[in-house]
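Peer 1: return a 3D structure for these sequence lines:
(one chain, ligands or ions: 2)
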Amino acid sequence: MHESRVTHGPKIIAVANQKGGVGKTTTAINLAAALVEGGRKVLVVDLDPQGNASTGLGIQPSEREKTTYDLLLEKTPLQDVVVSTQIERLDIAPATTDLSSADIDMASNDRRSLLLRDALRHADVSALGYDQILIDCPPSLNLLTVNAMVAAHSVLVPLQSEFFALEGLSQLMLTVREVRQTANPGLRIEGVVLTMFDVRTNLAQQVEADARGALGDLVFQTRVPRNVRISEAPSFAQSVLDYDTTSKGSEAYRALAREMLDRGVAETV
Ligand code: ADP
Ligand code: MG
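Peer 2: Residues are numbered from 1 along each chain as shown. Ligands and ions are numbered 1, 2, ... in the order given. Have a look, this model is predicted:
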């Protein structure tokens, strides 16, 4: 028998939706925190020039010495970019506004879609011991988001329970298919999670019915409720699980983590 050369790196999930304000960053942070609570070691990769995930996890701009810009464009190794957070076993690769020029700066590079994959699926990454990497994508289907989808094993889509929520989804799924046909044939949909869900409104119920009708089992049973504790937590540089551990928001992200780990990844779009 010959020695296996396969390295078992972390499972990589891109949290993506080209709409802003739908709960990508909130989901990346709190799902990460829930996975950590379950005993895993997790890295959040902040791929949004706004750096909300970095701020929300308490990393001041002055502490962002090396960033995801360096990871993509300077070939800085992941271990030199990651910083630890207040939460044990949760690290972040931070972002700054530098990243806003990344699209242009990557354009002339032949490997422009593959830069994040090169960085995250590097053999050395296994040694860092992460079980899971969550990539917080920018609100756009730009080259950064494509990099995330090329690097990832799956895409997790937060869907805000509002009118027009489903409209952008077909464009997103089209991008997933394009990435599959080119750089990343193994890319799967992890699932669609309804966010800021308000059970009392007909609209939310309607969005849920439409989403389940169109996407079936791709939609997680877990719905993340609109919960003020979730929106307050980042200003204390905490996950909602630390900020108010018994809140509805905390329970929802714990349930989402459990459901995700239990059910495995859906096959098709
Ligand atoms: P995105 O990263 O998609 O732009 P965010 O995660 O930053 O979206 O969320 C947008 C805003 O909505 C933020 O102010 C966040 O605190 C708030 N928010 C997100 N999810 C919830 C929720 N379940 N309940 C209440 N507020 C939420
Ligand atoms: Mg965000």
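Peer 1: before we move on, what SS does the residue in the stretch 1-150 of the chain positioned nearest to ligand 2 have?
Peer 2: In the stretch 1-150 of the chain, the residue that lies nearest ligand 2 is Thr25 (3.3 Å; CB to the ion). Yep, even glycine has a C-beta here, placed from its N, CA and C like the rest. Following DSSP: H, G, I helix; E, B strand; the rest coil, the label given to Thr25 is helix.
Peer 1: what residues are up against it?
Peer 2: 15, 48, 52-53, 56, 136 (CB atoms under 8 Å, 6 or more residues apart in numbering).
Peer 1: show the buried residues in those.
Peer 2: Taking 16 or more other CB atoms under 10 Å as the criterion, what is buried in the contacts of Thr25 is 15, 48, 52-53, 56, 136.
Peer 1: which ones among the contacts of Thr25 come in contact with ligand 1?
Peer 2: Asn52 (CB under 6 Å from any ligand atom).
Peer 1: would you list the contacts of Thr25 in a markdown table and tack on pLDDT, secondary structure and distance to ligand 2?
Peer 2: Listed next are the contacts of Thr25 as a markdown table, based on pLDDT from 0 to 100; DSSP: H, G, I helix; E, B strand; the rest coil; distance: CB to the ion, whole Å:
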| residue | pLDDT | secondary structure | distance to ligand 2 |
| --- | --- | --- | --- |
| Val15 | 98 | strand | 9 |
| Asp48 | 98 | coil | 5 |
| Asn52 | 98 | helix | 5 |
| Ala53 | 98 | helix | 7 |
| Gly56 | 97 | helix | 9 |
| Asp136 | 98 | strand | 6 |
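Peer 1: closest to ligand 1 out of the contacts of Thr25?
Peer 2: Closest approach between these and ligand 1, by CB to the nearest ligand atom: Asn52, at 5.4 Å.
Peer 1: please list all residues in contact with the nearest residue to the residue of the stretch 1-150 of the chain closest to ligand 2 once chain neighbours are set aside.
Peer 2: The shortest distance from Thr25 to any non-neighbouring residue, by CB to CB, 6 or more residues apart in numbering, is to Asn52 (4.5 Å). Going by CB under 8 Å, 6+ apart, Asn52 touches 25, 46, 136, 234.
Peer 1: what does this structure have sitting close to ligand 2?
Peer 2: With CB under 5 Å from the ion as the criterion, the chain meets ligand 2 at residues 24-25, 52.
Peer 1: His8 contacts Ala127, correct?
Peer 2: No. Look at His8 against Ala127 with CB atoms under 8 Å: they stay out of range, at 11.6 Å.
Peer 1: the more surrounded of these two?
Peer 2: Ala127 (11 against 7; other CB atoms under 10 Å).
Peer 1: quick one: contacts for the more buried one?
Peer 2: Here Ala127 is in contact with no residues (criterion: CB under 8 Å, 6+ apart).
Peer 1: just to revisit the earlier point, from the buried ones among the contacts of Thr25, which two are the most distant?
Peer 2: Within the buried ones among the contacts of Thr25, Val15 and Gly56 form the most distant pair, 13.1 Å apart (CB to CB).
Peer 1: low-scoring stretches of this structure, by residue?
Peer 2: Within the chain, the set of residues satisfying pLDDT under 70 comprises 1-7, 265-269.
Peer 1: could I get the full set of strands for it?
Peer 2: Counting by DSSP state E, one finds strands in the chain at the ranges 11-15, 42-46, 83-84, 90-93, 132-136, 154-160, 188-197, 219-225.
Peer 1: returning to what we had before: which one of the contacts of Asn52 is nearest to ligand 1?
Peer 2: For those, the nearest to ligand 1 is Thr25 (3.4 Å; CB to the nearest ligand atom).
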